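Q: A structural model of the following input is requested.
(4 chains)
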Number of protein chains: 2
Amino acid sequence: MDKNLKRMATMQRMQVTGLELFYKKGYYNTSVDDILKELSLSKGAFYYHFQSKEDFFISIIQNLIVRKVYSMLIEPIEGKEDPLKTIEVCFENAMSTAEHNELDYGFVLSNFMTEFNGRNELISKYLRDIYKMWQVNIVTILQKGKTDGYVARHIDSEAVAAFLISSYMGVRMLMVEGNSKTLSYQFLQQVRQYLKSLEQRELV
Amino acid sequence: MDKNLKRMATMQRMQVTGLELFYKKGYYNTSVDDILKELSLSKGAFYYHFQSKEDFFISIIQNLIVRKVYSMLIEPIEGKEDPLKTIEVCFENAMSTAEHNELDYGFVLSNFMTEFNGRNELISKYLRDIYKMWQVNIVTILQKGKTDGYVARHIDSEAVAAFLISSYMGVRMLMVEGNSKTLSYQFLQQVRQYLKSLEQRELV
DNA sequence: AATAAAACCGACCAAGTGGTCGGTCGCAAA
DNA sequence: TTTGCGACCGACCACTTGGTCGGTTTTATT
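A: Have a look, this model is predicted:
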């Protein structure tokens, strides 16, 4: 019990610091030693808990990244009434969080998707699954929104979801290049404009 | 003269192969030796022509990446009549090119922006400049579009440009995860929907 | 053919890299 | 107090990295 607790505690410390550095400097550009130095731990400790650097990163995906994306972008829109409004608010919050984080290196998910693409199929798959989870979620609430009369029936929910996700990943990438405040404002403004064009007009 | 030609030829060969590999495997994940092996050249040849790996990459930006972005995304929309239609067509072409490229690893510019962000300020600056060039260009034609009665006067050109670029960078990133055909179609469909909402309605 | 500069070669270097392994330490059960 | 084991240490290994440098080959010029 207690032992298990200690084990988990150390692993979590490693994962948290690992994600921090991987996010900041990139996976391939961060050595295991870098992480260990930060924690004053040794190689032995690392390879006692994890099989490899890859295995370590996968555990980070499952324990930290999934949760992060879920709590920030998926959970806030699940089962809400007006999908368009809900998505708008969710984006506002996400952008605001990013904007006020002085150590912003972009959207975790898309950064890693870019880095691992074509280089590590296994990790790419895990990341892709998170993206899909998000995508499916948006599609679902849009479909429900049609039934409930919030969303125009003729729109292609899958396409809207893809477009929203694309634009979000895009701005989040651009925001790190400075001017995040302005960009954030401009982005939200245009998202609103776009979302408005999806509204169900003239309810019978 | 002739000497200069040979020099340029070798340098270009290195740059082309370099970009290919950097684009495919990432800058930090591609060694100078990797590039040299591909060309059957030696370290000596490389460091005779370039001061460092960084210097080499900067020359690639200036000689290849700038031109690529310019010819694909900037030049096609310069000085055209109807900005919204022009942007639409330009995106259609860009997406089509990407879609039919079986070795697609995303949008060159945004991939490198992500990779170098926070890791190499000098290179980031060069890349950012390309992005700005593109941005300014879109803003310019949108403003002209207002004067010419194609674009609604109340829209924020800067915001529209940022939004368009964001979404483009986003899809291009997602396209490499498979389903590029579907994604491409969905994206263009939504871009059209969005662009339509920017049109100048009811001309006097 | 002689020459000199330009272009290229490849062994070498120091500084890392991910990963291994024999050992140590502290704590809980006996 | 002894024992056993989970947690951790750190020297070490094979290998790769960007970069150097003394030297050789190509090439154009005379």
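Q: In chain A, which residue sits nearest DNA strand D?
A: residue A:44 (1.8 Å; Cβ to the nearest atom of the strand). All C-beta atoms are positioned from the backbone trio N, CA, C, and that covers glycine.
Q: What values do phi and psi take at that residue?
A: phi -60, psi -40 (degrees, to the nearest 10).
Q: count of residues packed around it?
A: Residue A:44: 9 surrounding residues under other Cβ atoms under 10 Å in any protein chain shown.
Q: any idea how far chain B is from it?
A: Separation of residue A:44 from chain B (Cβ to the nearest Cβ, to the nearest Å): 27 Å.
Q: all helices of chain A, in order?
A: Shown for chain A, the helices assigned by DSSP state H span residues A:2-25, A:32-39, A:43-49, A:53-60, A:66-69, A:83-99, A:108-116, A:121-147, A:157-175, A:180-196.
Q: so who does the residue positioned nearest the centre of chain A touch?
A: When Cα atoms, centre = their mean is applied to chain A, the residue found nearest the centroid is residue A:69 (3.8 Å). Neighbouring residues of residue A:69 by Cβ atoms under 8 Å, 6 or more residues apart in numbering or on different chains: A:108, A:109, A:130, A:133, A:134.
Q: In these, find the pair that's most separated.
A: A:108 and A:133 (14.3 Å; Cβ to Cβ).
Q: Those two: who's more crowded?
A: Using other Cβ under 10 Å, the more surrounded residue of residue A:108 and residue A:133 is residue A:108, with 20 against 14.
Q: Specify the residue ranges that define each domain of chain A.
A: Annotated domains of chain A cover A:1-50, A:65-196 [automatic domain parsing].
Q: from these, which stretch is densest packed?
A: domain A:65-196 (a mean of 18; mean count of other Cβ atoms under 10 Å in any protein chain shown).
Q: Distance from that domain to the middle of the chain?
A: 8 Å (Cα atoms, centre = their mean, to the nearest Å).
Q: Let me know the angle separating the lowest-mean-pLDDT helix or strand in chain A from helix A:32-39.
A: Lowest by mean pLDDT, DSSP states H and E among the helices and strands of chain A is helix A:2-25, with a mean of 89. Calculated by axes from the mean of the first three to the mean of the last three Cα atoms, to 10 degrees, helix A:2-25 forms an angle of 110 degrees with helix A:32-39.
Q: Low-confidence regions, chain A specifically.
A: A:1-3, A:202-204 (pLDDT under 70).
Q: what residues does it put near DNA strand D?
A: A:3-4, A:6-7, A:10, A:40-45, A:47-49 (Cβ under 7 Å from any atom of the strand).
Q: Phi, psi for the residue of chain A found nearest DNA strand C please.
A: Closest residue of chain A to DNA strand C, Cβ to the nearest atom of the strand: residue A:31 (3.1 Å). Note on residue A:31: backbone dihedrals following degrees, to the nearest 10 are phi -90, psi 160.
Q: Would you quantify the distance from it to chain B?
A: 12 Å.
Q: again, but for residue A:123
A: 12 Å.
Q: ok, now which ones touch that residue?
A: Here residue A:123 is in contact with A:54, A:57, A:58, A:61, A:112, A:116 (Cβ under 8 Å, 6+ apart).
Q: Also residue A:74?
A: A:133, A:134, A:137.
Q: Would you confirm that the second one contacts residue A:73?
A: The reference is to residue A:134. Yes - applying Cβ atoms under 8 Å, one finds residue A:134 in contact with residue A:73, separated by 5.9 Å.
Q: dump the residue contacts of the nearest residue to residue A:117 once chain neighbours are set aside.
A: The spatial neighbour of residue A:117 that comes closest, neighbours along the chain excluded (Cβ to Cβ, 6 or more residues apart in numbering or on different chains), is residue B:176 at 5.2 Å. By Cβ under 8 Å, 6+ apart, residue B:176 lies in contact with A:117, A:118, B:104, B:105, B:106.
Q: right, and out of those residues, which lies closest to residue B:162?
A: Nearest member of these to residue B:162, counting by Cβ to Cβ, is residue B:106, at 19.3 Å.
Q: Wait, the closest one touches residue B:171, no?
A: No - under the criterion of Cβ under 8 Å, residue B:106 is not in contact with residue B:171, lying 9.8 Å apart.
Q: surely residue A:25 meets residue B:118?
A: Yes - assessed by Cβ under 8 Å, residue A:25 is found in contact with residue B:118 at 7.3 Å.
Q: residues contacting residue A:23?
A: So residue A:23 contacts A:105, A:108, A:111 (Cβ under 8 Å, 6+ apart).
Q: which outside residues touch stretch A:99-107?
A: A:23-24, A:98, A:111, A:168-169, A:172-173, A:175-176, A:180-181, A:184, B:114, B:117-118.
Q: at 7 Å instead, please
A: Stretch A:99-107 has contacts (Cβ atoms under 7 Å, 6 or more residues apart in numbering or on different chains) with A:23-24, A:98, A:111, A:169, A:172-173, A:175-176, A:180-181, A:184, B:114, B:117-118.
Q: For residue A:73, which residues are in contact?
A: Here residue A:73 is in contact with A:90, A:94, A:134 (Cβ under 7 Å, 6+ apart).
Q: I figured residue A:135 hits residue A:160, correct?
A: No - counting by Cβ atoms under 7 Å, residue A:135 does not reach residue A:160; the two are 10.5 Å apart.
Q: thinking again about what came up before, ok, the contacts of residue A:69 vs residue B:77, which is closest?
A: Using Cβ to Cβ, those come closest to residue B:77 at residue A:109, 30.5 Å.
Q: Check the gap between the residue nearest to residue A:117 and residue B:103 for me.
A: Noted for residue B:176: a distance of 10 Å to residue B:103, by Cβ to Cβ, to the nearest Å.
Q: Residue A:165 too?
A: 24 Å.
Q: about what we covered before: would you turn the helices of chain A into a markdown table with distance to residue B:78?
A: Output for the helices of chain A, formatted as a markdown table (distance: least, Cβ to Cβ, whole Å):
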| stretch | distance to residue B:78 |
| --- | --- |
| helix A:2-25 | 38 |
| helix A:32-39 | 45 |
| helix A:43-49 | 54 |
| helix A:53-60 | 44 |
| helix A:66-69 | 39 |
| helix A:83-99 | 31 |
| helix A:108-116 | 29 |
| helix A:121-147 | 35 |
| helix A:157-175 | 22 |
| helix A:180-196 | 23 |
